[in-house]
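> Output the structure for:
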Amino acid sequence: MSPKQQPRRQSNPMSRGARKRDEDSGTEVGEGADEWAQSKTAVRPPDQLELTDAELKEEFTRILTANNPHAPQNIVRYSFKEGTYKLIGFVNQLAVHYSHVGNLIPKDSDEGRRQHYRDELVAGSQESAKLVISETEILEEDEEPKDAEAEAEAEAGSQTDIPTAEAAEKVTEEELMAPKQPRERKLTNQFNFSERASQTFNNPLRDRECQMEPPPRTNFSATANQWEIYDAYVEELEKQEKTKEKEKTKTPVAKKMGKIAKRKMTSMESQSDDITKVTQAAKIVERMVNQNTYDDVAQDFKYYEDAADEYRDQEGTLLPLWKFQNDKAKRLAVTALCWNPKYKDLFAVGHGSYDFMKQSRGMLLLYSMKNPSFPEYIFSSDSGIMCLDMHDNNLNFFSVSSDGRIVSWTLVKSELVHTDVIKLKVESSSTEGLEGLQLHTMGCGTAFDFHKEIDYMFLVGTEEGKIYKCSKSYSSQFLDTYDAHNMAVDAVSWNPYHTKVFMSCSSDWTVKIWDHTIKTPMFIYDLNSAVGDVAWAPYSSTVFAAVTTNGKTHVFDLSINKYEAICNQPVVAKKKNKITHVQFNPIHPIIIVGDDRGHVTCLKLSPNLRKMPKEKKGQEVQKGPAVEIAKLDKLLNLVREVKPKV
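Residues are numbered from 1 along each chain as shown. Purely as a prediction, here's the structure:
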């Protein structure tokens, strides 16, 4: 009977006890049947605790955690940042209880292929016949060339005395070892991988050359001995002692201000980002981009000359170049213009309002002709800027106001100290007040200008139309008074060449040229609109420009035409904008004009507006201040009335 056909035996403890055989007799006994029914007594150990019912019912709760009980909990390490020893909170809790090395083999390895082929052979042999193929035979057959396989087949065919079973086994083996499908392509070793980029050809470096001026060099030679080294050390020690003495003599307020300044500097340095390192390079690139953008304007500024001036005897034109504007100053009028005396391409623009009910804010912008799209510097103020000037000598300046005071300001350390120079008292305007007191009416100052050579003399224009010639040495009286205009004086300006001549303009539409020794004007020009500003040309004593509120710029040359302007040209839209100020560039033949919309326009003077004396054959043209003074004197002598000097 096969194992599948044997009856299934049941295991019953009762039957096993009933059929228990005696070891000696080999017969069955039934004594074991009563053992299960007998009561069992519990044996108590002698040292067992006696507990009450409450203690027996008490529950003890235990919580299982993943922490390693053998892991250390008191590891301390030194912190260099805080300078103290600190307890390490995180401890590795991993505990390895069992580890076993596996025997997995990759499929792509040689050993994996051998096992794979062996499993296939074993599976095929179970269906036909049992074949045992060793691993060495498989390797030999894999490495055997095709010619060797053909010879093995020929030998198998020639042998006819092989038994049938062996022949069948060999045929089966050959069929299994010669698969019908091609074998898989052997993959490359992943550890011998090389990136394609590293296999490319590297082009050789090329030399780039540029031509430049060689840096300046100087030859220095000296002998260093013990005494010279000693003297250098002594000199350095003396400097250190002097600095210490200066710090000791500082007041507590100065020390406090110095500490605050240092704190501000450190805070600014900490707040500064990486963009400050490339500020200079970014500014240069911005100027290059603007120069490319406005290349046609830059070419006109440098080289263009109006050829039509040859066919005009006494007239010229103004060529618009750049227009300077800023979005933050759109609604603010241009209240002041000033060129920098050192950097001839840099000028400052003051923004504010001539309507004193709208003096809510102001701005000071510095523009460069190298970057017309954006200001070089921007400063904001709480009120409008009405006048400005560039520093040249001492830290001292003067101001005039509508309260009638001329004030001198001096910068002492970090504080402005002021002193009153003179008060503009209107003559014959005193009134008698209470108890017979005399009340004087103060004049409202609107413009002033200092003499170019006599530093103590200056002119002041007032809202009443008068011009006062004053001196810093006299604070109680004027040197002279001119009944100049019928309305407010907008500007006064000394001639840069002639020491006796000055010019004034007013809202009464007139421009007047004066000899300060005579109380009546030498020339009077009516421009049919309120005149906002006038300016003398730096290249000629007889050329000046004036701007009016109807949007026109007027250029005069008294040596060509002493009766009218040789250029009357609209610069801005008449209905929208009003021109407020004008200034000549110190060296370039251009002017800048500002309007009440915050725009500054740069214009180039045509050749007729800057004519110079022509050279004659065999004669040299004389140039210089003396020639300019003589040219203006010649014109003044034609109209000067002989009057006693005041």
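> where does Ser381 land on pLDDT?
The per-residue pLDDT reported for Ser381 equals 88.
> for Pro644, same thing?
Predicted confidence (pLDDT) for Pro644: 47.
> ok, now Gln299?
At Gln299, the model reports a pLDDT of 90.
> what's the neighbour count on it?
When counting by other Cβ atoms under 10 Å, one arrives at 10 neighbours for Gln299. The way it works is simple: take the backbone N, C-alpha and C, and place the C-beta from them, glycine included.
> Just the CA coordinates for the one helix or strand Ser504 maps to, please, in PDB.
Using DSSP states H and E, Ser504 falls within strand 501-506. Extracted in PDB, the C-alpha atoms of strand 501-506 (Å, rounded to 0.1, in the frame of the first residue of the first chain):
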ATOM      1  CA  VAL A 501      29.300 145.600 -15.400                       C
ATOM      2  CA  PHE A 502      26.400 143.600 -14.000                       C
ATOM      3  CA  MET A 503      23.100 142.400 -15.400                       C
ATOM      4  CA  SER A 504      19.600 142.000 -14.000                       C
ATOM      5  CA  CYS A 505      16.300 140.600 -15.100                       C
ATOM      6  CA  SER A 506      12.800 141.000 -13.800                       C
END
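> what's in contact with that strand?
449, 459, 461, 465, 467, 484-495, 511-516, 522, 530-534, 536, 541, 544, 546, 632, 636 (Cβ atoms under 8 Å, 6 or more residues apart in numbering).
> by contact count, what packs against the one helix or strand Lys469 maps to?
Secondary structure from DSSP H and E places Lys469 in strand 466-471. Packing partners of strand 466-471 (3 or more Cβ pairs under 8 Å, 6 or more residues apart in numbering; DSSP states H and E): strand 457-462, strand 480-483, strand 489-494.
> Which one, of those, ends up nearest to Arg118?
strand 489-494 (111.4 Å; Cβ to Cβ).
> Partner strands of the closest one, with direction?
strand 501-506 (antiparallel) (DSSP bridges).
> Could you check how far the helix or strand following the partner strand is from the centre of its chain?
Going down the chain from strand 501-506, the next helix or strand is strand 510-515, by DSSP H and E. On the basis of Cα atoms, centre = their mean, to the nearest Å, strand 510-515 sits 50 Å off its chain's mean C-alpha point.
> Ok, stretch 518-534 next?
In terms of Cα atoms, centre = their mean, the centre of stretch 518-534 is set 49 Å apart from its chain centre.
> Quote the end-to-end distance of that stretch.
21 Å (Cα to Cα, to the nearest Å).
> what does stretch 341-348 give?
Stretch 341-348 has an end-to-end distance of 11 Å (Cα to Cα).
> buried ones in that stretch?
For stretch 341-348, the neighbour count (16 or more other Cβ atoms under 10 Å) marks 346-348 as buried.
> what pLDDT, on average, does that stretch get?
The model assigns stretch 341-348 a mean pLDDT of 90.
> Number the chain from 20, please
Got it, first residue is 20 now, which makes that one stretch 360-367.
> Show me the helices in this protein, by range?
Here the chain has its helices, by DSSP state H, at 32-37, 72-76, 129-146, 154-162, 165-177, 183-196, 245-268, 271-290, 298-312, 314-322, 644-658.
> about what we covered before: now the helices and strands packed on strand 485-490 as a markdown table including mean pLDDT?
Below are these laid out as a markdown table (pLDDT from 0 to 100):
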| stretch | mean pLDDT |
| --- | --- |
| strand 476-481 | 89 |
| strand 499-502 | 87 |
| strand 508-513 | 91 |
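> Make JSON lines out of the ones you listed and add distance to Ala300 and mean neighbour count.
Shown next, in JSON lines, are the helices and strands packed on strand 485-490 (distance: least, Cβ to Cβ, whole Å; neighbours: other Cβ atoms under 10 Å):
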{"stretch": "strand 476-481", "distance to Ala300": "45", "mean neighbour count": "24"}
{"stretch": "strand 499-502", "distance to Ala300": "55", "mean neighbour count": "16"}
{"stretch": "strand 508-513", "distance to Ala300": "41", "mean neighbour count": "23"}
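> Redo these as CSV? Include distance to Lys594.
As requested, the helices and strands packed on strand 485-490 are exported to CSV (distance: least, Cβ to Cβ, whole Å):
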stretch, distance to Lys594
strand 476-481, 29
strand 499-502, 35
strand 508-513, 22
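> Which among the ones you listed is found nearest to Pro644?
Of all these, it is strand 508-513 that lies closest to Pro644, at 13.9 Å by Cβ to Cβ.
> now what about the closest one, what contacts it?
Residues outside strand 508-513 that contact it (Cβ under 8 Å, 6+ apart) are 465-471, 478-482, 484-486, 520-526, 549-555.
> Then stretch 381-397?
302, 305-306, 309-310, 312-313, 320, 341-343, 345, 347-348, 351, 354, 362, 364-371, 398-404, 407, 619, 621.
> For PyMOL, what selects the buried ones among the residues you listed?
Buried residues within these, by 16+ other Cβ under 10 Å, are selected in PyMOL with:
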select buried, resi 309+313+320+341+343+345+348+351+354+365+366+367+368+369+370+371+403+404+619+621
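> and the helices of the chain, which one's lowest on average pLDDT?
What stands lowest among those, in mean pLDDT terms, is helix 32-37, with a mean of 43.
> What residue, apart from its backbone neighbours, is nearest Asn627 spatially?
Distances taken as Cβ to Cβ, 6 or more residues apart in numbering put Gly335 closest to Asn627, at 3.6 Å, once the chain neighbours are dropped.
> Pro626 is in contact with that neighbour, correct?
Yes. Counting by Cβ atoms under 8 Å, Gly335 touches Pro626, with 7.3 Å between them.
> which residues do those two both contact?
325, 328.
> So between those two, which is more surrounded?
Counted by other Cβ under 10 Å, Gly335 and Pro626 do not tie: Gly335 has more neighbours, with 22 against 17.
> Could you measure from that one over to Phe603?
Remark: distance between Gly335 and Phe603 (Cβ to Cβ, to the nearest Å) = 14 Å.
> repeat for Ser372
With distances taken as Cβ to Cβ, Ser372 is found 25 Å from Phe603.
> With Thr242 instead?
If you measure Thr242 against Phe603 using Cβ to Cβ, the figure is 56 Å.
> Just want to know which of those two has more residues nearby.
For Thr242 versus Phe603, neighbours defined as other Cβ under 10 Å are more numerous around Phe603 (21 against 5).
> I figured the more buried one hits Pro557, correct?
Yes. With contact defined as Cβ under 8 Å, Phe603 reaches Pro557; the gap is 5.6 Å.
> which residues touch Arg96?
104-105, 107.
> Which among the contacts of strand 520-525 count as buried?
Judged by 16+ other Cβ under 10 Å, buried ones among those: 468, 478, 480, 484, 486, 503-504, 507-514, 530-535, 541, 549-553, 555, 560, 563, 565, 651, 655.
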